[in-house]
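Peer 1: Quick one: sequence and predicted model below, then my questions.
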Amino acid sequence: MNAVNEKKVAALEAVKYVKSGMTVGLGTGSTAFFMIEAIGEMVQNGMDIKAVATSNETEKLATKLGINVITLAEAKRLDVTIDGADEVDEDFQLIKGGGGALLREKIVAHNSVLNIIIADSSKSVAKLGKFKLPIETIPFATQLIIEELRGMGLSPVQRKKDDADYKTDENNDIVDIDIWDTDIKLTDLEQQLKTIPGIVETGLFLTTTNLVIIGNGEKAIVKKR
Ligand SMILES: O=C[C@H](O)[C@H](O)[C@H](O)COP(=O)(O)O
């Protein structure tokens, strides 16, 4: 079975956790797409939910499907958030931000009671870091941050789109770094990166995930923390 079908299998298993009356965090990306589509169908069939979107792209899709999108301030707290990931390891640690939505995604995950990650089987890894770790930076500081990260041996590369600097929904930059060979423990790395002024957030999600659902062929494998 191909990755696209596995994404759908995982998404359809995850939406079973969404019940009427809930406030739901909607993730971003090609896997989250199937979850948003399924929730849209549930809403069209009468389910009453409110949702907070983790990106402009997700907000647009959800609104088009008739999902009631509210702000995080209005929601205050979310019952469940369903989101994708670029990599997930056996300890429920993730790399996210391949689609540039890591900042809002991390804020929403932090404010959600239950966090479900959905992914196809290729995303499940023994060790994080084959996927380059996205870092969101304030444009004023990006070039100096790149030099500092280079000094740490993390091979930073500023993300581009159509020859221009890639911009997030918050109008920040993304710098992708290579953490594969680093000896620094992930929790320490996260802390070190966050102490550099101008780094707004990293794509390391180390503690927020409660449930991982992997599409594996026709089956959904559910892992609980
Ligand atoms: O910024 C994007 C998000 O973190 C996505 O959840 C992540 O990149 C996975 O996306 P996809 O499901 O398209 O592989």
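Peer 2: Sure, I can see it. Numbering: from 1, shown residues only.
Peer 1: Counting neighbours, what do you get for the closest residue to residue 87 other than its chain neighbours?
Peer 2: The shortest distance from residue 87 to any non-neighbouring residue, by Cβ to Cβ, 6 or more residues apart in numbering, is to residue 95 (4.3 Å). C-beta: built from backbone N, CA, C; applies to glycine. Using other Cβ atoms under 10 Å, residue 95 has 26 other residues around it.
Peer 1: Contact partners for residue 95?
Peer 2: 85-87, 128-129, 131, 133-134, 203-205 (Cβ atoms under 8 Å, 6 or more residues apart in numbering).
Peer 1: same question, residue 87
Peer 2: Here residue 87 is in contact with 94-95, 123, 125, 128-131 (Cβ under 8 Å, 6+ apart).
Peer 1: Could you find the residue nearest the spatial middle of this protein?
Peer 2: residue 96 (4.6 Å; Cα atoms, centre = their mean).
Peer 1: you'd agree that one is up against residue 85?
Peer 2: Yes - if you go by Cβ atoms under 8 Å, residue 96 and residue 85 touch, sitting 5.3 Å apart.
Peer 1: Now the common contact residues for those two.
Peer 2: residue 205.
Peer 1: so where's this protein uncertain?
Peer 2: Along the chain, segments meeting pLDDT under 70 span 1.
Peer 1: residues near residue 168, how many?
Peer 2: For residue 168, using other Cβ under 10 Å, the count is 23.
Peer 1: Leaving out sequence neighbours, find the closest residue to it.
Peer 2: Nearest to residue 168 is residue 100, by Cβ to Cβ, 6+ apart, at 5.0 Å.
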